[in-house]
Structure formats: C-alpha cells, structure tokens
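Colleague: Build me a model from this:
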Amino acid sequence: MNHFDQLALRNAGYVSPETQEKLRELTILVAGCGIGSTFAETIARAGCGKLILIDGDTVSPHNLNRQNFEDGDVGELKVKALARRLRAINPELAVDVHAANLTSDNAPELVTSADVVFDTIDFLDLAGIVALHDAAKAARKPVITALAVGWGAGCVYFPEDSDWSFRRLFGLPETGLVSNESYVERFGGVVARLAEHLDPKVVEVVGKALTVMEDGTPCPASQVSPGAASVGALAATLLIRVLAGEPVTEAPHMVVVDMNTALTAPGIDLS
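Modeller: Numbers count the residues shown, from 1 in each chain. As a prediction, this is how the structure comes out:
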C-alpha cells in the first residue's frame, strides 16, 4: 500500500473511493497562505494530490495564534514554511511554491494551472483579489472564498458556471480596473449586510479594524485559532462534497459556522 492509500485509509465510509481518487488527481490553487494554511493542511491530510501556493508574506509571531506555522518559521516566507510542513505530512504531495503577491499579471497563469481556486478574502488589496476572481471566471474555474468569522468561519462558493462573481457580490463594476475602489468600503458594506446574522462581538471587532485599516494591507482584525481552524474544516468539507456530486450552498449565499451558536443550542438529549 503506497503512502497516499495509507493516508486516505481512515477516510473510508465518509469519502467514497471515486471521490478520493478525484481529490488525489486535483490541483488546488491556495491564494493566501495565512489563514489559507489551515485549508491547505486539512485538504492535504484528506488526500489532495497537488497544491499551488502563492503568498508574498513572511511568518510573523502574531500569526502563530491561528495559522499553521511554528516559532521556528518566523521570518521565513509563508509559502516555503507551509510547503515544508505539507511535505512532512505527505512526502508524495506535489507542492508548487510562488513567493509573490497575486496580481493581474500572474493570476491567469496560476488559475489556469489549477482545477479549483481557494481564496482567503483579506489576504491582498482589492485589485489582487479581483484579479484572482476575474481569472477564475474567465477560465471557468470554481472558487471557494473563505474567512474566519470570530469563533467560526464563513465560505462563499462560486461554481464554474455561476451567474455571480466577486465583483457583483461586492458591488463592483463587472469589468475594468478597480484601482479607484476602496477595499475597506466594499468589505465594510458586506459586513454591514451580514451584521444581523453575526455575533455582535464579531461585528464590533471587525468594525474597529476597518476604521484603522488602509487599502493594500491585510485586515488587522483580531482572530482566534478556533475560527481559523474552522476555515480549513468548512472549506475542505465543501470541496469534498462538490467532488462527490453532493449539493452545497452557492453564491450569493454565504455559509457561516459559528461555534458560539452551536454551543448554546439545545443540543441532543442523551438522558
């Protein structure tokens, strides 16, 4: 039994052999390797065959409370540290590393090389995110956009044939440059639409961050490890369901998993 088969052995019963093989043959572009590291590790452990990693940032001490890095990685490029971690989990995993920010120049080639795009929504400036989604739309590649939401996570799934796009969801022009648009304003508008469905503490924390955030920089909102870990779990489950041909919620709807809500629900009576 080879390493891949051993890695996937305990998936049996939850993941069919056919779906497991689809995952093994899949190439996933992970755009943003901060919170994206939680998805990359989760899907690698699930038996993905190839990951393309792109991120121009280095590991900082404040990343260690929620991203899949170690103290010894501080100062190193996130893509290199993450690639090393993933290969340590599965030496047969193919990992392609790009130590760069995503732009309209490199997005088309990277997207074309992948079967699925995973996007962490606050990892770049607005122009970079739009370039990623534009390239995916043009190449008809599905996109999973995810972010930590307090003690949980949120995902928006754009199938390859979706009528919706990142531009439409954020109220941006359907074509053209977005250099005159403000990421802070657009993201703030989305948060405002979500506010009634979110924990008030999340709205408060993100709102404060947006008041001091500058365009072109990662969102400085506080994040906790359970929320970041939820991103990997939610997005990986979504992708495996898609590969299995099972229904999932699609854009313009966002799926939000909130641990606080789950922990205050009535629960199952075991008496």
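Colleague: before we move on, which element is Arg186 in?
Modeller: Element membership of Arg186, judged by DSSP states H and E, is helix 183-194.
Colleague: next one: that helix to chain centre, how far?
Modeller: 18 Å (Cα atoms, centre = their mean, to the nearest Å).
Colleague: same question, stretch 102-113
Modeller: Centroid displacement of stretch 102-113 relative to its chain, using Cα atoms, centre = their mean, is 17 Å.
Colleague: Mind checking the pLDDT average for that stretch?
Modeller: Mean pLDDT, computed over stretch 102-113, is 95.
Colleague: about what we covered before: would you mind pulling the contact partners of whichever helix or strand comes after the helix holding Arg186?
Modeller: Toward the C-terminus, helix 183-194 is succeeded by helix 200-212 as the next helix or strand (DSSP H and E). Outside helix 200-212, the residues that touch it by Cβ atoms under 8 Å, 6 or more residues apart in numbering are Val149, Gly150, Val184, Phe187, Gly188, Val191, Ala195, Cys219, Pro220, Ala221, Ser222. For glycine as for every other residue, the C-beta is placed from the backbone atoms N, C-alpha and C.
Colleague: Give the helix, strand or coil label for the last one.
Modeller: With DSSP: H, G, I helix; E, B strand; the rest coil as the basis, the three-state label of Ser222 is coil.
Colleague: What residue, apart from its backbone neighbours, is nearest it spatially?
Modeller: Closest residue to Ser222 apart from its sequence neighbours, by Cβ to Cβ, 6 or more residues apart in numbering: Val205 at 5.4 Å.
Colleague: Need the pLDDT of Ala221.
Modeller: 77.
Colleague: Next, work out how far apart it and Gly36 are.
Modeller: 16 Å (Cβ to Cβ, to the nearest Å).
Colleague: Just the element for Ile52, please.
Modeller: Taking DSSP H and E as the criterion, Ile52 maps to strand 50-54.
Colleague: and the contacts of helix 200-212, which are buried?
Modeller: Neighbour counting with 16 or more other Cβ atoms under 10 Å marks Val149, Gly150, Val184, Phe187, Gly188, Val191, Cys219, Ala221, Ser222 as buried within the contacts of helix 200-212.
Colleague: Out of those, which two sit at the greatest distance?
Modeller: Maximum pairwise distance among the buried ones among the contacts of helix 200-212 (Cβ to Cβ): 19.4 Å, between Gly150 and Val184.
Colleague: For the chain, just list every one of the strands.
Modeller: Using DSSP state E, the strands of the chain run over 27-31, 50-54, 94-98, 116-120, 143-149, 152-158, 255-258.
Colleague: which stretch among the ones you listed comes nearest Pro247?
Modeller: Nearest of these (Cβ to Cβ): strand 152-158, 10.9 Å.
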